[in-house]
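>>> Below is the sequence, then the predicted model.
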Amino acid sequence: AQSVAQPEDQVNVAEGNPLTVKCTYSVSGNPYLFWYVQYPNRGLQFLLKYITGDNLVKGSYGFEAEFNKSQTSFHLKKPSALVSDSALYFCAVREDNYGQNFVFGPGTRLSVLP
Amino acid sequence: NAGVTQTPKFRILKIGQSMTLQCTQDMNHNYMYWYRQDPGMGLKLIYYSVGAGITDKGEVPNGYNVSRSTTEDFPLRLELAAPSQTSVYFCASRRGAGTDTQYFGPGTRLTVL
């Protein structure tokens, strides 16, 4: 069965500092990995995805994520955090190219302090 | 292009009442999904559809029903509302098989008292 873990409920970082939001996954086949962001009272917005190829994936708003197969991780990163990055971040996995179920992690709340 | 729209935004129901949450997408996407989001939890899949006339259960389908008579619309029906159905409901769509991402609606916040 597929599963996603986000080990931190909350991440606090000072504006201008680098940020990392962690995600680990478990699948039996090839993983397709996604990051979404949710601002208050809004739906989820797509940030980036890993399907195949380069392990470093670049996405929207300066975010990037690194796929590490041996550690089954897909951590979200940004070199310099902005206050406006404060939001709820979800990692999601889909097991193969034809699976319908996206499994979401519980979310990590990122607070960027001015 | 409005994307995925959901109505209503908010609703309060009494136990035992019924209601339909509406979801419409104007992107001609084949796949549509209903999720619920409980506090501190990730999204749980309720039902999904891979095209008009085709629906299937997700992880938490009990207490809900869906239909997909058109490509655009994917309503979610609650027949006998229970307090356990208090949640935020999100509809999503994606174009089709492959590596397409999901596009989410703004959500419906439902409270059952």
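Structure received. Numbers count the residues shown, from 1 in each chain, chains lettered A, B, ... in the order given.

>>> Check the burial of residue A:16 by counting its neighbours.
When neighbours are counted by other CB atoms under 10 Å in any protein chain shown, residue A:16 registers 12. Any C-beta I mention is one placed from the backbone N, CA and C, and that applies to glycine too.

>>> Am I right that it is in a strand?
No. The assignment for residue A:16 (DSSP: H, G, I helix; E, B strand; the rest coil) gives coil, which keeps it out of a strand.

>>> so it touches residue A:78, yeah?
No. The criterion here is CB atoms under 8 Å, and residue A:16 misses it with residue A:78 at 10.9 Å.

>>> List, one by one, the residues from chain A near chain B.
With the criterion set to CB under 8 Å from any CB of the partner chain, chain A comes near chain B through A:4, A:9, A:32, A:34, A:36, A:41-46, A:49, A:51, A:90, A:92, A:97-98, A:100-107.

>>> Who are the contact partners of residue 60?
Since you didn't name a chain, this refers to chain A. By CB atoms under 8 Å, 6 or more residues apart in numbering or on different chains, the residues touching residue A:60 are A:45-48.

>>> actually chain B
Residue B:60 makes contact with B:36, B:44-46, according to CB under 8 Å, 6+ apart.

>>> in which helix or strand would I find it?
Counting by DSSP states H and E, no helix or strand carries residue B:60.

>>> now, the most widely separated pair of the contacts of residue B:60?
For these, the farthest-apart pair by CB to CB is B:36 and B:45; their separation is 8.6 Å.

>>> burial of residue B:8, as a residue count?
By other CB under 10 Å, neighbour count at residue B:8 equals 11.

>>> How about the contacts made by it?
So residue B:8 contacts B:21-22, B:108 (CB under 8 Å, 6+ apart).

>>> Compile these into a markdown table and extend it with columns for pLDDT.
Below are those laid out as a markdown table (pLDDT from 0 to 100):
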| residue | pLDDT |
| --- | --- |
| B:21 | 97 |
| B:22 | 97 |
| B:108 | 95 |
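
>>> for those residues, which one is nearest chain A?
residue B:108 (10.4 Å; CB to the nearest CB).

>>> For residue B:15, see how far away that closest one is.
18 Å (CB to CB, to the nearest Å).

>>> Next: residue A:42.
The gap separating residue A:42 from residue B:15 is 29 Å, by CB to CB.

>>> These two - which one has more neighbours?
residue A:42 (14 against 11).

>>> Surely that one is in contact with residue B:106?
Yes. When contacts are counted by CB under 8 Å, residue A:42 is listed as touching residue B:106 (6.0 Å).
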